[in-house]
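Student: Sequence plus the predicted model coming up.
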Amino acid sequence: MSIPEIKVLPDPAGIAREAAERIVVAARQAIEARGEFSIALSGGSTPKTLYELLAGPYYRPQIDWPKVLIFFGDERCVPPDHPESNYRMANTALLSHVPIPGDNVYRVRGEIDPQEAAREYDQLLAEKFGDAGGVDVNLLGMGQDGHTASLFPGTAAVSERERRVVANYAEHSTTGKSWRVTMTAPFINRSHQILIMVGGKDKAARIAEVLEGPRDPQRLPIQLIDPPQGQVTWLLDVAAAAMQEHDDAKGLQA
């Protein structure tokens with residue numbers, strides 16, 4: 001198992017700023033090296049704050065947006081204008097505010113049959129990244145149950161080893177029983193850099209269990225995120241890290 005970096009920030013806004021700084025650096029390096037930068041977006045409140053930062057006057061000019069490729073780590077099976085759509089949130093907070101060509105945004109078609117949407121996105125990623133490549137930066141969160149992307153405990157997607165993307169039915173999720181389309185752990189693990197952003201004291205016990213407890217990915221799917229070559233970084237606020245004083249917030253190696 002690779003050794004993750006753990007960085008503790010004062011609050012969720014600090015997580016978003018740290019992620020923005022890292023994305024700016026990664027984008028610059030990738031564009032200089034290969035002429036383009038790829039990133040897989042996620043849903044959630046902390047990513048929304050991050051996207052608003054990236055679209056703002058400080059960070060927006062620091063990224064060469066026409067050379068950025070946007071992917072989605074997972075998507076709810078709803079139309080793109082639905083309130084629960086990850087695409088809608090990302091478009092509202094970020095994509096509609098930066099000069100990125102529409103052809104560079106690869107959304108999951110959540111409005112069609114889940115299995116067909118998954119096959120379509122799997123094929124897209126195969127065409128873009130081949131048999132071994134992955135995105136430059138993959139943004140992830142973690143639910144209180146230890147899920148990440150739409151890899152929920154005990155679901156079929158947790159055991160997937162071949163496909164890049166699958167449709168996954170979630171019995172227990174923030175939106176109730178619902179179909180999702182999600183990148184699989186094997187494909188996520190091809191990413192050059194994985195940023196896991198988690199805030200809030202309600203996640204603290206689960207984070208400790210994931211990082212320090214026994215390996216049990218069927219119950220804690222986020223433990224599957226263990227790239228053989230890429231770097232995993234946990235960006236936590238002091239509450240999620242179970243730290244009491246903001247003065248203690250600092251970068252740590254786990």
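Tutor: Happy to help now that I have it. Numbers count the residues shown, from 1 in each chain.
Student: And Gln91, its phi and psi?
Tutor: You called it Gln, but residue 91 is Asn. phi -70, psi -40 (degrees, to the nearest 10).
Student: What is the neighbour count of it?
Tutor: 18 (other CB atoms under 10 Å). All C-beta atoms are positioned from the backbone trio N, CA, C, and that covers glycine.
Student: what's the spacing between it and Val98?
Tutor: From Asn91 across to Val98, the span is 11 Å (CB to CB, to the nearest Å).
Student: Would you state the strands of this structure in chain order?
Tutor: Applying DSSP state E to the chain gives strands spanning 5-9, 37-41, 68-72, 74-76, 137-140, 165-170, 178-183, 193-198, 231-237, 251-253.
Student: now the first one and strand 193-198, what's the angle there?
Tutor: Pointing back at strand 5-9 there. 40 degrees (axes from the mean of the first three to the mean of the last three CA atoms, to 10 degrees).
Student: Packing partners of strand 5-9?
Tutor: Using 3 or more CB pairs under 8 Å, 6 or more residues apart in numbering; DSSP states H and E as the contact test, the elements touching strand 5-9 are helix 12-34, strand 231-237, strand 251-253.
Student: rewinding a little: can you add distance to Ala55 and give the strands of the chain back as TSV?
Tutor: Output for those, formatted as TSV (distance: least, CB to CB, whole Å):
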stretch	distance to Ala55
strand 5-9	20
strand 37-41	13
strand 68-72	12
strand 74-76	20
strand 137-140	15
strand 165-170	27
strand 178-183	24
strand 193-198	17
strand 231-237	19
strand 251-253	26
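Student: Nearest to Asp103, out of those?
Tutor: strand 68-72 (9.5 Å; CB to CB).
Student: Please state the offset of that closest one from the chain centre?
Tutor: Chain-centre distance of strand 68-72: 11 Å, with CA atoms, centre = their mean, to the nearest Å.
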